[in-house]
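[1] here is a sequence with its predicted model. Questions after.
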Amino acid sequence: MTSSQTLLRGSTISFRKDPFLYPAAECFDYHSDGGILIQAGKIIVAGAFAQVQQSAHADAQIIHYPNSIISAGFIDTHVHYPQTQMVAAFGEQLLQWLEKYTFITEQQFADKAHADRIADFFLHELLRNGVTTAAVYCTVHPQSVDAFFEASQRLNTLMIAGKVLMDRNAPAALLDTAQRGYDESKTLIERWHGNGRQHYCITPRFAGTSTEAQLDVAGNLWREFPSTFMQTHLSENKDEVNWMRELYPHRDSYLDIYAHANLLGSRSLYAHCIHIDENDLSQLHHTGSAIAHCPTSNLFLGSGLFKLFDAKRIERPVRVGIGSDIGAGTSFSPLQSLNEAYKIARLHGDKLDALRAFYLATRGGAHALYLDDRIGSIEAGMDADLVVLDLHATPLLKMRTDYARDINELLFILIMLGDDRCTRATYVAGECVFPAQQDAKDK
Ligand code: GUN
Ligand code: ZN
């Protein structure tokens with residue numbers, strides 16, 4: 001580990017508080033000429049460049065990014081790495097899409113070499129899109145988890161991932177049992193949780209592919225290892241919700257199925273949550289559980305329109321992050337996810353302004369994951385996971401941003417017109433990991 005210093009210079013945006021809950025002006029720090037001093041993977045000082053420079057060693061390497069905005073690295077709170085190879089699968093809604101495409105593709109991850117290849121591609125795709133942390137589903141195969149964490153370990157990315165638990169309603173080649181799921185997950189927790197920057201997530205796919213016995217085992221395992229995470233799907237699609245009523249007639253709601261298995265609480269992540277009611281939202285709030293809002297997926301599969309402003313209601317806010325949900329989602333770019341989140345909110349009559357949107361993809365995601373003391377903002381003491389967004393990435397972006405009057409407008413334009421082309425650089429624990437050294441020299 002080097003103790004040399006790097007000083008990044010450019011416009012910087014970072015959040016202190018949640019702009020859904022507090023007046024916007026109290027929530028963010030913006031410096032049109034900002035500086036971020038990095039040493040040993042951490043942010044040492046951040047603020048106005050002139051001030052930060054005074055704290056820097058004389059030999060600090062200064063890297064200047066004009067016409068750019070530097071933000072905390074994006075956080076994707078819901079994504080399936082094995083589905084990278086099946087993004088853009090035509091024509092089905094959730095349950096048929098799972099059968100026709102997903103469960104076929106995921107069987108290939110019995111092959112460790114295949115898993116290695118896709119995991120490596122996937123992680124580089126995240127970094128190309130400025131995503132430095134994600135909550136990731138692997139497949140039922142333990143080797144798919146090893147492949148993912150090994151690749152993440154090489155890049156030193158802070159990742160959360162786990163083996164999918166499924167003991168019914170899927171092809172036999174994708175099924176474990178309650179006991180095998182427990183044993184394999186436990187071994188993986190002991191191998192990977194807290195190993196470098198890797199975190200384990202207990203991952204029952206959803207109540208449709210786990211028996212009650214398996215959900216109970218997942219809850220027991222979580223209590224045994226309370227610092228791990230838990231992720232699953234909830235109320236994504238109306239046919240799915242009706243099916244849950246048939247499978248669990250004795251439960252009050254879809255969420256109640258998970259509640260009875262002790263799967264609510266800090267570090268639990270529920271993807272989608274489209275067809276849920278006030279009781280569910282209140283329970284998610286009171287238990288400190290989080291929602292992963294996945295706009296491109298919800299539109300692609302025709303699942304429905306998540307009520308973001310309902311979830312974030314000030315009297316009982318639920319923690320919400322943004323998710324790509326690749327391969328049902330259609331873009332790795334959080335800018336594109338926020339673009340669609342804006343439109344979904346508009347269809348409800350709400351206005352998702354750019355500051356709230358950017359919060360969701362950075363500090364809001366970190367808050368949803370209970371990691372906001374380490375990642376999600378540009379502050380002294382935080383891990384130096386950062387994205388540099390190029391305001392001149394396309395002719396239209398350059399032309400349009402030249403007419404922007406303030407940071408609010410700049411960020412909104414980025415969300416509406418931006419995508420992976422805007423990623424000028426991505427830093428992981430202080431190291432520039434995108435573009436790769438060779439690519440950078442070629443430019
Ligand atoms: N519900 C259960 N499994 C999945 C999945 O792989 N993707 C999505 N979008 N929903 C699910
Ligand atoms: Zn999903």
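    Good, I have the coordinates. Residues are numbered from 1 along each chain as shown. Ligands and ions are numbered 1, 2, ... in the order given.

[2] who in the stretch 51-200 of the chain is up against ligand 1?
    80, 94, 98, 102 (C-beta under 6 Å from any ligand atom). (Glycine included, C-beta is placed from N, CA and C.)

[3] most neighbours of all those, which one?
    Using other C-beta atoms under 10 Å as the neighbour test, those are led by residue 80, with 26 neighbours.

[4] pull the most distant pair out of the residues of the stretch 51-200 of the chain next to ligand 1.
    Spatially, the most separated pair among those is 80 and 94, at 13.1 Å (C-beta to C-beta).

[5] relative to residue 198, which of the residues of the stretch 51-200 of the chain next to ligand 1 is nearest.
    residue 80 (17.6 Å).

[6] what bridges to that closest one?
    Taking DSSP bridges as the rule, residue 80 bridges to residue 137.

[7] related to what we said a few turns ago, ok, so of the residues of the stretch 51-200 of the chain next to ligand 1, who is nearest residue 183?
    Nearest to residue 183 out of these is residue 80 (C-beta to C-beta; 23.0 Å).

[8] pLDDT at that closest one, what is it?
    Looking at residue 80, its pLDDT is 99.

[9] what about residue 329, neighbour count?
    Residues contacting residue 329 under the criterion other C-beta under 10 Å number 26.

[10] I figured it hits residue 294, correct?
    Yes: the pair residue 329 / residue 294 is scored as a contact, 5.8 Å apart, by C-beta atoms under 8 Å.

[11] looking at the protein, which residue ends up farthest from its center?
    Farthest-out residue of the chain from its mean C-alpha position, per C-alpha atoms, centre = their mean: residue 58, at 37.1 Å.

[12] so which strand or helix has that one?
    Using DSSP states H and E, residue 58 sits in no helix or strand.

[13] okay, helices next: where are they in the stretch 301-443 of the chain?
    Under the criterion DSSP state H, counting those that start in this stretch, the stretch 301-443 of the chain contains helices at 308-311, 334-347, 354-361, 363-368, 395-401, 407-417, 437-442.

[14] export these to a markdown table and tack on mean neighbour count and distance to residue 145?
    Putting those into a markdown table (neighbours: other C-beta atoms under 10 Å; distance: least, C-beta to C-beta, whole Å) gives the following:
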| stretch | mean neighbour count | distance to residue 145 |
| --- | --- | --- |
| helix 308-311 | 19 | 30 |
| helix 334-347 | 21 | 24 |
| helix 354-361 | 26 | 26 |
| helix 363-368 | 28 | 22 |
| helix 395-401 | 14 | 38 |
| helix 407-417 | 20 | 33 |
| helix 437-442 | 9 | 29 |
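
[15] those: which one's closest to ligand 1?
    helix 334-347 (13.5 Å; C-beta to the nearest ligand atom).

[16] and residue 13, what does it touch?
    28-30, 69-71, 358, 378, 407, 411 (C-beta atoms under 8 Å, 6 or more residues apart in numbering).

[17] redo that, cut-off 6 Å
    Residue 13 makes contact with 30, 69, 71, according to C-beta atoms under 6 Å, 6 or more residues apart in numbering.

[18] ok, back up a step: of the residues of the stretch 51-200 of the chain next to ligand 1, which belong to strands?
    Per DSSP state E, strands hold the following members of these: residue 80.

[19] want to throw the residues of the stretch 51-200 of the chain next to ligand 1 into CSV with distance to residue 394?
    Formatted as CSV, those follow (distance: C-beta to C-beta, whole Å):
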residue, distance to residue 394
80, 29
94, 34
98, 36
102, 33
